[in-house]
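J.: sequence? don't have it. structure:
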C-alpha cells in the first residue's frame, strides 16, 4: 500500500532563482512598477449618437444600457465630460429626421452631424471631434450606399456611385470643423477619393482614420438599434469582410495606407485581437480598434445579472485590446474607464 503524501520522505526543494518570476507580482507596488501595458484615458474615443431636432431629446437605447440617443444639449454635456476626463476625443454618429434612397442628409451642409460639429467646436475647441462617414444611418433602406439592380436583376450596393456621395459627406464634415474623418463604409477606393477631395478643398492637414479591416460581425446589432441603421433587406457581407479571413485584412489595410489613411482601424476588437497584432507588427501607422456595441452590451448584461464584476471585466477587455497593439480604442466605456484610471492613480 502506498504511503500518504504527508508520510513520504521528500528532499527539500531548491527552486532556481531564474524560475522565481512571482517576485514582481507579490504586491501592487511591484506589479505597477513592471506593468507592460498601461491604458490611458487619452487612448479612448467615446462614440455618441446625435439626434436631429429637439435639443433636449434623450432616449435610452434598450440594447445598450447606459447609452442614449441625444439631442444637442446632451451631446454638449457628454462632450464636456469627455474633455474633463481627458479622453482622446469623441466620434459622432448622426440620426437625421428624414431619410431617403441616397442618404442625402449625410452630405447636407446643414445636416445633423455638420451642425453638431460646429456647435461642439464652438463650445469646446480643444476637444477632438471625429466624424463617421457612411450612408447607412441616412438611407431609407439602411444600407451603406447606393442600391441598384445589376444585369442579373439582383440588388447590390454600387461602389463608385457610393464613393461619390461619401466624398461629399467627408468634405461637408471637414468644412463643419471635424478633426478626424472616419470612413466606415468599406467601399473600394473611398480613402483615396476622400483624400484627393480633402486636399483639393484645402484640408491637406486633416487626417483620415479608415475603418480598414471591418468584419461582417454579429456584434453590431445594438449599434443598429442605436443608429437606426438596420438594413431593411439583405446584409452587408458584400462589402464588410469575411470573419474567416486574415491575410485579406492585411491587403485592405495596405491599400488604405497607400491611398492616404493616417490611422487604420480594426473592428470588432475583441474577436480580432490577432488582426490588431498583425497590423501593428506589419505597418508603421497608428492602429485603432472599435470595442463595438455587442461587446459593450454583453459585459453590461452579464454584470447586471451578477455573473461578472463589470469594472474588472471592462478594464480587462480594454487592456487586452491595447496589449494586442491598438493605440486608440473606440469604446462606449470610455468615461467609465477614465473614471477608474483616475481613481487608481
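T.: Happy to help now that I have it. If you're wondering where the values come from, they're calculated on a predicted model, not measured in any experiment.

J.: For the stretch 151-300 of the chain, which segments are assigned as helices?
T.: Assigned by DSSP state H, counting those that start in this stretch, the helices in the stretch 151-300 of the chain fall at 159-176, 190-200, 221-227, 247-259, 273-282, 293-304.

J.: Redo those as CSV? Include mean pLDDT and distance to residue 114.
T.: Where C-beta positions appear, they are placed from N, C-alpha and C, glycine not excepted. CSV is the format used below for the helices of the stretch 151-300 of the chain (pLDDT from 0 to 100; distance: least, C-beta to C-beta, whole Å):
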stretch, mean pLDDT, distance to residue 114
helix 159-176, 96, 4
helix 190-200, 97, 15
helix 221-227, 81, 17
helix 247-259, 96, 24
helix 273-282, 97, 31
helix 293-304, 96, 24
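
J.: Which of these sits closest to residue 40?
T.: For residue 40, the closest of the helices of the stretch 151-300 of the chain is helix 273-282, at 17.2 Å, according to C-beta to C-beta.

J.: elements contacting that closest one?
T.: Counting contacts by 3 or more C-beta pairs under 8 Å, 6 or more residues apart in numbering; DSSP states H and E, helix 273-282 packs against strand 209-214, helix 247-259, strand 263-267, strand 287-291, helix 310-324.

J.: buried sites along the longest one?
T.: For helix 310-324, burial by neighbour count (16 or more other C-beta atoms under 10 Å) applies to 310, 311, 314, 315, 317, 318, 319, 320, 321, 322, 324.

J.: what pLDDT does the last one get?
T.: Looking at residue 324, its pLDDT stands at 97.

J.: show me what contacts it?
T.: Residue 324 is in contact with 273, 274, 276, 277, 280, 289, counting by C-beta atoms under 8 Å, 6 or more residues apart in numbering.

J.: Please report how far the last one lies from residue 322.
T.: Spelled out, it's residue 289. With distances taken as C-beta to C-beta, to the nearest Å, residue 289 is found 9 Å from residue 322.

J.: and for the two, which residues touch both?
T.: Counting by C-beta under 8 Å, 6+ apart, the common neighbours of residue 289 and residue 322 are residue 329.

J.: JSON lines for the helices of the stretch 151-300 of the chain, including mean neighbour count?
T.: Output for the helices of the stretch 151-300 of the chain, formatted as JSON lines (neighbours: other C-beta atoms under 10 Å):
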{"stretch": "helix 159-176", "mean neighbour count": "21"}
{"stretch": "helix 190-200", "mean neighbour count": "20"}
{"stretch": "helix 221-227", "mean neighbour count": "21"}
{"stretch": "helix 247-259", "mean neighbour count": "17"}
{"stretch": "helix 273-282", "mean neighbour count": "18"}
{"stretch": "helix 293-304", "mean neighbour count": "19"}
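
J.: okay if I get those helices as CSV plus distance to residue 138?
T.: Output for the helices of the stretch 151-300 of the chain, formatted as CSV (distance: least, C-beta to C-beta, whole Å):
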stretch, distance to residue 138
helix 159-176, 9
helix 190-200, 16
helix 221-227, 10
helix 247-259, 23
helix 273-282, 29
helix 293-304, 19
